[in-house]
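[1] Provide a 3D model corresponding to the input given below.
(chains A and B)
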Number of protein chains: 2
Amino acid sequence: MHACGLIVEYNPFHNGHKYHLDTAKKVTKADCIIAVMSGNFLQRGEPAIIDKFHRTKMAIKQGADIVVELPFVYTVQNSDLFARGAILTLGTLGVSSICFGSENGNIKSFTDAYETFQDNDELFRVTLKKELANGLAFPEASKRAYQAIGLTTGGLDLSKPNNILGFSYIKNIAQLSPTILPVTIQRIKNDYHETSIRNDIASATSIRKEIFSHHSLTSKALTALPQTSEAELNSYKEKSSYWHEWEDYFPYLHYRVLTMGIEELKQIHGVDEGIEYRILATANDATSFSDWMGRLKSKRYTWTRLQRMFVHILTNTKKAEVSSIIQQPSLPYIRLLGMTKTGQSYLNKQKKEMAVPIISGMKKSNNPFYSIERRATNAYYSILPPQSRLSFVHQEVTPPFIHFK
Amino acid sequence: MHACGLIVEYNPFHNGHKYHLDTAKKVTKADCIIAVMSGNFLQRGEPAIIDKFHRTKMAIKQGADIVVELPFVYTVQNSDLFARGAILTLGTLGVSSICFGSENGNIKSFTDAYETFQDNDELFRVTLKKELANGLAFPEASKRAYQAIGLTTGGLDLSKPNNILGFSYIKNIAQLSPTILPVTIQRIKNDYHETSIRNDIASATSIRKEIFSHHSLTSKALTALPQTSEAELNSYKEKSSYWHEWEDYFPYLHYRVLTMGIEELKQIHGVDEGIEYRILATANDATSFSDWMGRLKSKRYTWTRLQRMFVHILTNTKKAEVSSIIQQPSLPYIRLLGMTKTGQSYLNKQKKEMAVPIISGMKKSNNPFYSIERRATNAYYSILPPQSRLSFVHQEVTPPFIHFK
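    Here you go, the predicted structure:
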């Protein structure tokens, strides 16, 4: 059996994701599609609109054979660390290929770019360091470093978000699992940052914007979503009364920061370069999440970077624990969230060769991976009423979703 | 000018407090009554029903000439440390006498008891240590230690809560400010622990119970309260929409504990003797504050001790910071909350002789006293809507309440 890996967030699963999944299957001729998915918090530092368990069902019902969770510690990170966690996961699961969407759609431009990057490694690093020291934010600084080594003109445009992510996949595949074949599909009809829905394939950002601004699944939003996504979104909201967004967490985040000292704040992952002083100086006057973000945003601190930092404050994730585990050469476990009959057969064969256990429920453990996941889960559900909260947290110890088509 | 000190919480100010205040003035013939009052959290580990600023107004309008704040670090503590902070404060302000209510009402029984205590210091300590090691809670263990040195039979009954507090005042006066004259008045008509209102003098506990169970100032509650207390309670609720009680803080406390690790929990003041394991083991299932308390309460961990511990978790108060300042021989400042014209004259004369500054608004400072107060203030108001919250926090930097009768 031959598996193809996808690296996804499905926030929520939409028609574009369906297209990606079906095309990946067709192009790679895979018997089994494995999606490694962000958990309850996302790469750009946001709570997921509905929890990972309900997002897993969307994906499995739409054709993914296996959904596993990308550990929190790799998820809410820059594209390189996000990619590292995803490639470690898919490598462990023995996929033959990985298929990602990009603005570019041409895999050769990615591998060529990687060769250029390797040849100019030193110049890239020096330039990046210099531009960061000049006060530029990471995305702008790395863009200039790519420019310096000739990687923004001609071949691959590394100012496009999905090209950047794709390039991170290529780098990590080369370094961690060079036998995996990288494949890319051109994204169709929409930009990643597109904020309005114009047709049946729309970005997840624009779909969430539509849902949150109307507090409902409008007919416009539904144009871009498969019916199973509609069902899961409705089912989750019925049970929890929430579609999660940052503003829901503001009272907790605010309380937390207002009872922290500067030294404590500095220990949190992502609180760097003196931002702790700005956070404390602006906290008292902040009246909402977006108000606070507005007070903090600057050329150096991008929206995404600030959001990630706030996720780490909310979940109490410390620099020391992250740095102790993020560069480890393997994962302590693979967390299975859902599978089909096909996925089950694949895992049954594969697991004999795996050095890492596949787990389906989170046990108690002193391993920092487990305790970070526990805190992230607890922070995510903290906004729910105490009575219903418990049944959601309980999903952490229940078996994975199995779908017999 | 001659001042008499009172040690109070005024939660809320009621007819019994008025009686205490008037009688203290009459008995000690003081020109000026100085109340040192708990701030927004109380000795027994509870949020105050309304904030310290509104409670100050109650007291000043009812005859106190000066209200100063007992620092948080001394307030949410056992009776000995609570008394230490209060006597340090009143000693600094140069009071000639201190007048407290007791079940006993006979000052000689207190001073005699202190002599006995001094003579049997060693036996007391050994017994206390042994009984604590046997798993008894502090109140029961210290009762047995007093028994061992003969202090529960005959003279002073040290099983009564106000006798215990009074005895702590006597001990601390002897050790810190031996020139202060201690005076006691017998409490009338009610027990400290009385939970229902039977006449116009009722305990603060019974008054709060009446208010919280009806969510209003019932005519029964009003029988026990001066009109100014009614006015301040109503005014506070109109502005904030709250009369504070523990259940209001449950979501924040719960979120906080659920995102903490065991090592972090152990650093919190009052989290001792392995209770951290029980806290984490019970946290997930707890659905309300009282539910959680029920799961934690045992012979060793009394209700009060658990409540104090939860205040320290909520306010993020660490063992290290408390122990570094609690035994200091003097206070860094006296925080003035309110005064009358008489109080103002007294302070104008007194402050020339004081080594410690009187402050009326909290500045920014790295002094741990200030940062602990800041966090306690922020935790107390964290339940308020973000817009109105700000005006309440702002009271921290505004001048004291001055009442020109």
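
[2] leaving out the residues flanking it, which one is nearest to the residue in the stretch 201-350 of chain A that chain B sits nearest to?
    In the stretch 201-350 of chain A, no residue comes nearer to chain B than residue A:258, which is 3.7 Å away by C-beta to the nearest C-beta. Just so you know, the C-beta spots here come from the backbone N, C-alpha and C atoms, and that holds for glycine as well. Nearest residue to residue A:258, sequence neighbours excluded (C-beta to C-beta, 6 or more residues apart in numbering or on different chains): residue B:378, at 3.7 Å.

[3] for residue A:339, helix, strand, or coil?
    Assigned by DSSP: H, G, I helix; E, B strand; the rest coil, the conformation of residue A:339 is strand.

[4] what's the burial count for it?
    For residue A:339, the neighbour count with other C-beta atoms under 10 Å in any protein chain shown is 25.

[5] and it, what is it in contact with?
    By C-beta atoms under 8 Å, 6 or more residues apart in numbering or on different chains, residue A:339 lies in contact with A:60, A:65, A:66, A:67, A:347, A:400, A:401, A:402, A:403.

[6] in strands, which of those appear?
    Those of the contacts of residue A:339 mapping onto strands are A:66, A:67, A:401, A:402, A:403, per DSSP state E.

[7] out of the residues you listed, who's nearest chain B?
    Of these, the one sitting nearest to chain B (C-beta to the nearest C-beta) turns out to be residue A:401, at 22.2 Å.

[8] contact partners for the closest one?
    Here residue A:401 is in contact with A:53, A:56, A:57, A:60, A:337, A:338, A:339 (criterion: C-beta under 8 Å, 6+ apart).

[9] which element is the second one on?
    Translated: residue A:56. Per DSSP states H and E: residue A:56 is located in helix A:52-61.

[10] now do that helix: which elements does it pack against?
    Helices and strands touching helix A:52-61, as assessed by 3 or more C-beta pairs under 8 Å, 6 or more residues apart in numbering or on different chains; DSSP states H and E, comprise strand A:32-38, strand A:66-70, helix A:227-240, strand A:334-340, strand A:401-403.

[11] okay, angle between the longest one and helix A:52-61 too, please.
    Inter-element angle recorded for helix A:227-240 and helix A:52-61: 160 degrees (by axes from the mean of the first three to the mean of the last three C-alpha atoms, to 10 degrees).

[12] interface residues of the stretch 251-400 of chain A facing chain B?
    A:251-252, A:254-256, A:258-261, A:264, A:284-288, A:314-316, A:371, A:375, A:378-379, A:382, A:386-387, A:390, A:393 (C-beta under 8 Å from any C-beta of the partner chain).

[13] filter the residues you listed down to the buried ones.
    Among those, those classed as buried by 16 or more other C-beta atoms under 10 Å in any protein chain shown are A:251-252, A:254-256, A:258-261, A:264, A:284, A:286, A:314-316, A:371, A:375, A:378-379, A:382, A:386, A:393.

[14] so which of those sit within helices?
    Residues of these located in helices (DSSP state H): A:251-252, A:254-256, A:258, A:264, A:314, A:371, A:375, A:378-379, A:386, A:393.

[15] circling back to that earlier point, buried among the contacts of residue A:339? Need that as a selection in ChimeraX.
    Listed next is the ChimeraX selection for buried residues among the contacts of residue A:339, using 16+ other C-beta under 10 Å:
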select /A:60,65,66,67,347,400,401,403
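
[16] make TSV out of the contacts of residue A:339 and add distance to residue A:247 and pLDDT.
    Converted to TSV, these look like this (distance: C-beta to C-beta, whole Å; pLDDT from 0 to 100):
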residue	distance to residue A:247	pLDDT
A:60	30	97
A:65	36	98
A:66	34	98
A:67	28	98
A:347	39	97
A:400	31	92
A:401	29	93
A:402	35	94
A:403	34	90
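
[17] my read: the residue nearest to residue A:258 touches residue B:392, true?
    No: look at residue B:378 against residue B:392 with C-beta atoms under 8 Å: they stay out of range, at 10.5 Å.

[18] show the contacting residues for residue A:223.
    Counting by C-beta under 8 Å, 6+ apart, the residues that residue A:223 touches are A:197, A:199, A:200, A:202.

[19] can we see that at 10 Å?
    Applying C-beta atoms under 10 Å, 6 or more residues apart in numbering or on different chains, we find residue A:223 in contact with A:14, A:15, A:197, A:198, A:199, A:200, A:201, A:202, A:207, A:210.

[20] ditto for residue A:188
    A:16, A:19, A:20, A:23, A:101, A:105, A:199, A:201.

[21] what about it, distance to residue A:13?
    17 Å (C-beta to C-beta, to the nearest Å).

[22] and for residue A:116?
    Remark: distance between residue A:116 and residue A:13 (C-beta to C-beta) = 35 Å.

[23] most widely separated two among the contacts of residue A:401?
    Maximum pairwise distance in the contacts of residue A:401, criterion C-beta to C-beta, is 13.3 Å, between A:53 and A:339.

[24] got a list of what the closest residue to residue A:134 other than its chain neighbours touches?
    Distance criterion C-beta to C-beta, 6+ apart; nearest residue to residue A:134, sequence neighbours excluded, is residue A:141 at 7.8 Å. By C-beta under 10 Å, 6+ apart, the contact set of residue A:141 is A:127, A:128, A:129, A:130, A:131, A:132, A:133, A:134, A:135, A:300.

[25] tell me which element the closest residue in space to the fifth one that isn't next to it in sequence falls in.
    When you say that, I think you mean residue A:131. Of all residues not flanking residue A:131 in the chain, residue A:141 sits nearest, at 3.6 Å (C-beta to C-beta, 6+ apart). Using DSSP H and E, residue A:141 sits in helix A:138-148.

[26] so for that helix, what's the average pLDDT?
    Per-residue pLDDT over helix A:138-148 has a mean of 86.

[27] what about the residue in the stretch 51-200 of chain A that chain B sits nearest to, how many neighbours?
    Using C-beta to the nearest C-beta, the single residue of the stretch 51-200 of chain A nearest to chain B is residue A:72, 12.3 Å away. Residue neighbour count, defined by other C-beta under 10 Å, stands at 27 for residue A:72.

[28] helices along the stretch 151-300 of chain A, start to end?
    All helices of the stretch 151-300 of chain A, identified by DSSP state H, counting those that start in this stretch, fall at A:161-176, A:204-214, A:219-223, A:227-240, A:246-258, A:262-266, A:275-283, A:289-296.

[29] could these go into a markdown table alongside mean pLDDT?
    What follows is these, written out as a markdown table (pLDDT from 0 to 100):
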| stretch | mean pLDDT |
| --- | --- |
| helix A:161-176 | 93 |
| helix A:204-214 | 95 |
| helix A:219-223 | 95 |
| helix A:227-240 | 97 |
| helix A:246-258 | 98 |
| helix A:262-266 | 95 |
| helix A:275-283 | 96 |
| helix A:289-296 | 97 |
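
[30] so which of those is nearest residue B:228?
    Residue B:228 sits nearest to helix A:246-258 of all the helices of the stretch 151-300 of chain A, at 31.3 Å, using C-beta to C-beta.

[31] now the angle from the closest one to helix A:275-283?
    Going by the same axes, to 10 degrees, helix A:246-258 is angled at 110 degrees with respect to helix A:275-283.

[32] who are the packing partners of helix A:246-258?
    Helices and strands touching helix A:246-258, by 3 or more C-beta pairs under 10 Å, 6 or more residues apart in numbering or on different chains; DSSP states H and E, are helix A:262-266, helix A:275-283, helix A:289-296, helix A:303-314, helix A:368-381, helix B:246-258, helix B:368-381, helix B:386-394.

[33] alpha carbons only: can I get the second one in PDB?
    What it means is helix A:275-283. The C-alpha trace of helix A:275-283 is given here as PDB (Å, rounded to 0.1, in the frame of the first residue of the first chain):
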ATOM      1  CA  ILE A 275       7.600  42.900  23.700                       C
ATOM      2  CA  GLU A 276       6.900  42.000  27.400                       C
ATOM      3  CA  TYR A 277       7.100  45.700  28.300                       C
ATOM      4  CA  ARG A 278       4.700  46.700  25.600                       C
ATOM      5  CA  ILE A 279       2.300  43.900  26.600                       C
ATOM      6  CA  LEU A 280       2.200  45.100  30.300                       C
ATOM      7  CA  ALA A 281       2.100  48.700  29.300                       C
ATOM      8  CA  THR A 282      -1.000  48.200  27.000                       C
ATOM      9  CA  ALA A 283      -2.800  45.600  29.100                       C
END
